[in-house]
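Asker: let's see this in three dimensions:
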Amino acid sequence: MFSKATSNSSTTAGGPQNHSRSQLSRLVARVNQRFDELGMSRRAKIAVVVVISVLSTIETLFWIKVGWRWLRGDDGADAVKEE
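Answerer: Okay, the predicted model is just below:
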């Protein structure tokens, strides 16, 4: 996976950031190619990215709440009040 040593990439003019930019541009090109293979228009691509972003944000917030409750030791028992 990591075929180049980090010392080689830091000696170039762009440094390590140049290496990660090229990886990112290759990733974006592959994703665009996959969207094109499906025959998706630009609007459809944007809609897919927006839906995935919203759903991943909701999932992240869910897991943050779960983690917060676990750290506090809250089991939800105080939600039911007995009279």
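Asker: okay, CA-based contacts and neighbour counts for the rest of this
Answerer: OK.
Asker: so which residues of this structure form helices?
Answerer: All helices of the chain, identified by DSSP state H, fall at 6-10, 16-37, 42-72.
Asker: which one of these has the poorest average confidence?
Answerer: The minimum mean pLDDT among the helices of the chain belongs to helix 6-10 (a mean of 48).
Asker: tally of neighbours for V54?
Answerer: Counted with other CA atoms under 10 Å, the neighbours of V54 add up to 11.
Asker: make that F35, sorry
Answerer: Using other CA under 10 Å, F35 is surrounded by 16 other residues.
Asker: how deep is the residue lying closest to it once chain neighbours are set aside tucked in, by neighbour count?
Answerer: Closest residue to F35 apart from its sequence neighbours, by CA to CA, 6 or more residues apart in numbering: K45 at 7.1 Å. When neighbours are counted by other CA under 10 Å, K45 registers 14.
Asker: gap between K45 and G39?
Answerer: 10 Å (CA to CA, to the nearest Å).
Asker: ok, back up a step: mind checking how far the residue nearest to F35 is from H19?
Answerer: K45 is 27 Å from H19, by CA to CA.
Asker: next one: L27
Answerer: Distance from L27 to H19, by CA to CA: 13 Å.
Asker: neighbour count winner among the two?
Answerer: With neighbours defined as other CA under 10 Å, L27 and H19 compare such that H19 has more, 15 against 12.
Asker: tell me the phi and psi of M40?
Answerer: Here is the backbone geometry of M40 (degrees, to the nearest 10): phi -80, psi 140.
Asker: no, scratch that, I was asking about L38
Answerer: phi -80, psi -10.
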